[in-house]
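A.B. asks: let's see this in three dimensions:
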Amino acid sequence: RDLTSEIDRALGDVVLEADSRQLWRGFLAVAAWTAPDGGRDLAAREARARRLARAFRELSANGPERDAVVQDVRDFARRLAAAGVSDPFLLEAEPAPAKFLRSLASLLPLAPLALGGVLTGWVPYRLVRPAARRLAGDATDLVSTYKVVLGFLVMLLTYATEALLLGIYLGWGAGIAAFVLLPALGLVAVRFAERLRLRGEALSAWWRVAGGDRAAREIVQRRRELCERVDAALGG
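C.D. replies: The predicted structure follows:
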C-alpha cells in the first residue's frame, strides 16, 4: 500500500492535467487515435494528451459541447471493442503480404529460444496476474503493484529452483549458467508472443479490409471524424 501511494504521488506530480489515472489513460488513448503516427512516438503522444486535458478543462465551461465530444469518444471506443480491434490504424494500413511474410519469417530464429522460455517459466508467469487480483481483492488500485512485486518474486523463485536442480544434477557450472540464461529465455518468450500477437492483429485487419467489412470501414471513417473534432477542440 505504501508503494502504491508513492506511485500515485509521483504520477500526481507529472500528470497534473487529469483528475485521475483513469481519465489520463483516456486522454492517452484519444491522443493515440487522433495522432498522425498513431501515437507511436510516446513523447509526442503524452504532449498531445496534455493538450487534450487542457482543452477538456476549457470545454468544461461549455457543458453541451464537452458532452458531445465525450460521447463521440465513447462511441468510437465502443465500436473498437465490438469489432475486437485494439489499433484502428491497422485498418487503414495498406496490405503488404510480402512484408508480412518477411516479418513473420524473422521470428522463426527466435522460436526455439521462445519455446525454452515457455517451458521454463510460462506457467508461473501466467499465474501472476490472477494471483495479484486475488490478493488485491476490492482494492483494485493495488493490482498493478501486486503484479510487479509478485512477478519479481515468483519468477526469481522459479528460475532459482530450476537452476538449483540443474546444478545438482549437471554440476554447479550448469546451474550458474542456467540462472543467468533462463530469465533471458523468459524475456524472449514474452517478446515473441507480443510480436506474434501484433502480426496476427495486422493480418486480421488486412483480411477485414480486403473482405469489405462494413464495421472496418465505419471505424476508419469515425476515427477520421474524431480526429477532425479533436483537432478543432485543440484549435489546430
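
A.B. asks: which residue ranges of this protein form helices?
C.D. replies: 2-14, 21-34, 42-59, 63-83, 97-105, 111-136, 143-170, 172-210, 214-234 (DSSP state H).

A.B. asks: deepest-packed of the ones you listed, please.
C.D. replies: With neighbours taken as mean count of other CB atoms under 10 Å, the helices of the chain reach their highest mean count in helix 21-34, at a mean of 18. For the C-beta atoms, the positions are set from N, CA and C on the backbone; glycine is no exception.

A.B. asks: what's that helix in contact with?
C.D. replies: The contact list for helix 21-34 (CB atoms under 8 Å, 6 or more residues apart in numbering) reads 8, 11, 15, 17-18, 38-39, 45-46, 48-50, 52-53, 56, 73, 76-77, 88, 223, 226-227, 230-231.

A.B. asks: and if we set it to 7 Å?
C.D. replies: With contacts defined as CB atoms under 7 Å, 6 or more residues apart in numbering, helix 21-34 is touched by 11, 15, 18, 38-39, 45, 48-49, 52-53, 73, 88, 223, 226-227, 230.

A.B. asks: how about stretch 148-158?
C.D. replies: 121, 124-125, 128, 131-132, 186.

A.B. asks: again with stretch 136-144
C.D. replies: By CB under 7 Å, 6+ apart, the list of residues contacting stretch 136-144 from outside reads 1, 4, 132-133, 146.

A.B. asks: one more pass at 10 Å, please.
C.D. replies: Contacts to stretch 136-144, defined as CB atoms under 10 Å, 6 or more residues apart in numbering, come from residues 1, 3-5, 7-8, 21, 129, 132-135, 145-147, 149.

A.B. asks: avg pLDDT for that stretch?
C.D. replies: Average pLDDT, stretch 136-144: 82.

A.B. asks: off-centre distance for that stretch?
C.D. replies: Computed by CA atoms, centre = their mean, to the nearest Å, the separation of stretch 136-144 from the middle of its chain amounts to 19 Å.

A.B. asks: cool, and stretch 31-46?
C.D. replies: Relative to its parent chain, stretch 31-46 has a centroid offset of 14 Å by CA atoms, centre = their mean.
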